[in-house]
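Q: Kindly return the folded structure for what I paste below:
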Amino acid sequence: MTSLVDDAALLTELRGLAARGRHREVLDRLERLPADAIATRTPFALLAAEAHGRLGAHGEAGRWAAAALAVARGRGERHAELRARNYQGAIALEAGDVDGAEAHCAAALDLARALDDHAAQARCFNNLGIIANLRGDGREALASYQLALAAYQQAGLARGMAETQHNIGISRRALGDYRGALAAAEEAVRLAERLGDEALSALALAGRAELHLVQGDLELATAELARAAATYERLQHPVGLAEVWRLEAGVARARGDGAGAAERLRRAAELARGQGSAHTLAEIERDLGAALEAIGDTAGARAARERAVALYRGFGAGAAAAEIAALIT
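A: As a prediction, the model looks like this:
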């Protein structure tokens with residue numbers, strides 16, 4: 001059994017690593033502790049949940065979030081209970097359980113309001129924005145993101161502001177507002193780099209690169225994706241790397257290399273499938289269908305699109321599923 005002083009010192013170290021996006025190192029340090037030392041201490045269990053979730057291991061993240069929630073409830077640690085609820089909502093989102101995520105977010109938002117916790121409210125609004133975006137309602141998503149951004153600003157949390165700006169960029173791009181999307185993406189990159197969080201910087205760079213790709217600036221997109229890929233490889237972040245490979249496949253297609261694009265998308269799908277990231281995998285399968293059709297593989301394109309439709313329907317993205325289903329012949 002470690003002392004309270006030892007616990008405090010270790011927590012300070014782990015929180016510092018997490019703040020810099022070094023989640024693999026957080027897990028390496030936690031794995032040196034006895035299993036019950038993590039399971040019986042809500043701060044350690046929450047750190048384990050966050051680190052696993054950030055690295056795409058959603059099953060493990062869910063297990064530690066549930067453990068943290070049980071301990072927090074038993075001890076009356078309401079702020080820890082709130083964080084665990086937020087993590088459960090985010091994990092459910094990644095796994096494609098949108099209804100479950102919405103229930104967790106609603107419960108977390110009620111508790112955050114009761115505790116007057118602006119940071120937690122911001123996380124809830126951000127997750128509700130992601131849910132709206134998955135369901136194809138870009139304007140509702142933006143409304144939630146604006147509430148999240150205001151709450152993060154009130155709490156003074158630049159990390160949350162960066163993540164929300166990244167999400168705003170995605171929704172504005174989907175609505176055809178490329179100028180607004182680029183402004184949000186630029187702010188996400190600026191905030192992430194100011195924080196020195198490598199994983200967050202890679203996420204923001206990939207988001208900005210996708211905008212460059214959509215607008216036809218292939219050289220800039222390629223350069224930013226190379227930076228993001230190098231970071232994700234160094235951090236051993238499979239979900240982020242799968243998303244970068246998806247975008248690199250888009251660059252390859254734009255340059256006329258259909259076969260190269262299809263191969264990169266197959267690799268990306270394999271990586272995302274092993275991590276349980278439903279939304280990332282759905283986008284990869286959607287793009288794979290288009291890439292295979294472009295090189296004349298009709299059967300392969302149909303199979304990829306059918307997988308994409310099943311995934312999109314699974315997490316309630318009916319409009320996206322219908323759009324892809326219309327392409328299946």
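Q: Report the distance from stretch 25-34 to the chain centre.
A: 23 Å (CA atoms, centre = their mean, to the nearest Å).
Q: next one: stretch 267-277
A: Counting by CA atoms, centre = their mean, stretch 267-277 comes out at 14 Å from the chain centroid.
Q: got the buried residues for it?
A: Buried positions in stretch 267-277, judged by neighbour count with 16 or more other CB atoms under 10 Å: Arg267, Ala268, Ala269, Leu271, Ala272, Arg273, Gln275, Gly276, Ser277. Using the backbone N, CA and C atoms, a C-beta is placed for each residue, glycine as well.
Q: distance of the third one from Val251?
A: In this structure, Ala269 lies at 17 Å from Val251, with CB to CB, to the nearest Å as the measure.
Q: One more: the first one?
A: With the distance defined as CB to CB, Arg267 ends up 15 Å from Val251.
Q: before we move on, what about Gly96?
A: 27 Å.
Q: who's more crowded, the two?
A: More crowded of Gly96 and Val251, by other CB atoms under 10 Å: Gly96, with 24 against 20.
Q: ok, that one - contacts?
A: Applying CB atoms under 8 Å, 6 or more residues apart in numbering, we find Gly96 in contact with Ala278, His279, Ala282, Leu311, Gly314, Phe315.
Q: Using neighbour counts, trim these to the buried set.
A: In the contacts of Gly96, the ones that pass as buried (16+ other CB under 10 Å) are Ala278, His279, Ala282, Leu311, Phe315.
Q: what are the ranges of the helices in the stretch 101-250 of the chain?
A: Under the criterion DSSP state H, counting those that start in this stretch, the stretch 101-250 of the chain contains helices at 118-134, 138-155, 158-174, 178-195, 198-214, 218-235, 238-254.
Q: can I get those helices in a markdown table with distance to Val26?
A: Output for the helices of the stretch 101-250 of the chain, formatted as a markdown table (distance: least, CB to CB, whole Å):
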| stretch | distance to Val26 |
| --- | --- |
| helix 118-134 | 19 |
| helix 138-155 | 22 |
| helix 158-174 | 15 |
| helix 178-195 | 16 |
| helix 198-214 | 11 |
| helix 218-235 | 11 |
| helix 238-254 | 16 |
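Q: need the ones you listed in CSV with mean pLDDT, can you?
A: Output for the helices of the stretch 101-250 of the chain, formatted as CSV (pLDDT from 0 to 100):
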stretch, mean pLDDT
helix 118-134, 93
helix 138-155, 96
helix 158-174, 96
helix 178-195, 97
helix 198-214, 96
helix 218-235, 97
helix 238-254, 96
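Q: Flag every buried residue along stretch 313-325.
A: Quick answer for stretch 313-325 (16+ other CB under 10 Å): Arg313, Phe315, Gly316, Ala317, Ala320, Ala321, Ile324.
Q: what does that stretch rub up against?
A: 96-99, 134-136, 278-279, 282, 286, 289, 305, 308-309, 312.
Q: residues contacting the residue nearest to Leu203 when sequence neighbours are not counted?
A: The spatially closest residue to Leu203, leaving aside those adjacent along the chain, is His166, at 6.1 Å (CB to CB, 6 or more residues apart in numbering). Residues near His166 by CB under 8 Å, 6+ apart: Ala184, Ala185, Ala188, Leu203, Ala204, Gly207.
Q: Pull the most distant pair out of these.
A: With CB to CB as the measure, no two of the contacts of His166 lie farther apart than Ala184 and Leu203, at 13.0 Å.
Q: Now the helix or strand hosting Ala301 - C-alpha only, CSV.
A: Using DSSP states H and E, Ala301 maps to helix 298-314. The C-alpha trace of helix 298-314 is given here as CSV (Å, rounded to 0.1, in the frame of the first residue of the first chain):
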residue,chain,number,x,y,z
THR,A,298,-17.8,-3.3,-58.4
ALA,A,299,-18.2,-6.3,-56.1
GLY,A,300,-15.7,-4.9,-53.6
ALA,A,301,-17.3,-1.5,-53.7
ARG,A,302,-20.7,-2.9,-53.0
ALA,A,303,-19.4,-4.9,-50.0
ALA,A,304,-17.6,-1.9,-48.6
ARG,A,305,-20.7,0.3,-49.0
GLU,A,306,-22.9,-2.3,-47.3
ARG,A,307,-20.5,-2.4,-44.4
ALA,A,308,-20.6,1.4,-44.2
VAL,A,309,-24.4,1.5,-44.3
ALA,A,310,-24.6,-1.0,-41.5
LEU,A,311,-22.2,1.0,-39.4
TYR,A,312,-23.9,4.3,-40.0
ARG,A,313,-27.3,2.8,-39.3
GLY,A,314,-25.9,1.2,-36.1
